[in-house]
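*Asks:* need a 3D model of the sequence below.
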Amino acid sequence: MMIVPAGVKVHLAVGITDMRKGMDGLAALVQETLHKDPFSGHLFCFRGRKASMLKILFWDGTGLCLFSKRIDQGGFTWPRLTEPDKTIALSPGQLAMLIEGIDWRAPERIWRPTKSG
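*Replies:* I've put the predicted structure just below:
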């Protein structure tokens, strides 16, 4: 599970991103296309066309960091493209579900206690 410090926002880039991009290419995308500051300390999440690759870019105060994950089965849930060049804010809990491959938009709770005590 990824721990997001208090005050750090999580931005999900709507649409498909070229997963060949590295730190510099994604930072330029954040700055030029999303019109946000890649050095703000916030997390920026990107997904490729096949939905099996996720990249997260963030500035830790001393340098850019790039987290990437390729999921073996299924894919990462992403919102439908409504407005290009936009981001959607996620909570730290939603980010944790996204990284695990869980549909963060409507998680299913399958266990419920039958009685107390």
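*Asks:* show me the strands in the protein, by range?
*Replies:* 10-13, 43-47, 53-59, 64-70, 87-90 (DSSP state E).
*Asks:* can you lay out the ones you listed as TSV showing mean pLDDT and mean neighbour count?
*Replies:* (Glycine included, C-beta is placed from N, CA and C.) Shown next, in TSV, are these (pLDDT from 0 to 100; neighbours: other C-beta atoms under 10 Å):
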stretch	mean pLDDT	mean neighbour count
strand 10-13	93	22
strand 43-47	95	23
strand 53-59	95	20
strand 64-70	95	13
strand 87-90	89	16
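*Asks:* any chance of the ones you listed in TSV, plus distance to Arg105?
*Replies:* Formatted as TSV, the strands of the chain follow (distance: least, C-beta to C-beta, whole Å):
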stretch	distance to Arg105
strand 10-13	11
strand 43-47	14
strand 53-59	16
strand 64-70	19
strand 87-90	10
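*Asks:* out of the ones you listed, nearest to His35?
*Replies:* Checking the strands of the chain against His35 by C-beta to C-beta gives strand 87-90 as the closest, at 9.5 Å.
*Asks:* what's that closest one packed up against?
*Replies:* Judged by 3 or more C-beta pairs under 8 Å, 6 or more residues apart in numbering; DSSP states H and E, strand 87-90 is in contact with strand 10-13.
*Asks:* direction included, what does the strand it packs on pair up with?
*Replies:* For strand 10-13, the pairing partners within the sheet under DSSP bridges are strand 43-47 (parallel), strand 87-90 (antiparallel).
*Asks:* what's next to it, contact-wise?
*Replies:* Residues from elsewhere that reach strand 10-13 (C-beta atoms under 8 Å, 6 or more residues apart in numbering): 4, 29-30, 34, 36, 42-47, 78-79, 87-92, 94-95, 98.
*Asks:* now with 7 Å, please.
*Replies:* Contacts of strand 10-13 with the rest of the structure, by C-beta atoms under 7 Å, 6 or more residues apart in numbering, involve 4, 34, 36, 42-46, 87-90, 92, 95.
*Asks:* no further queries at this time; thank you.
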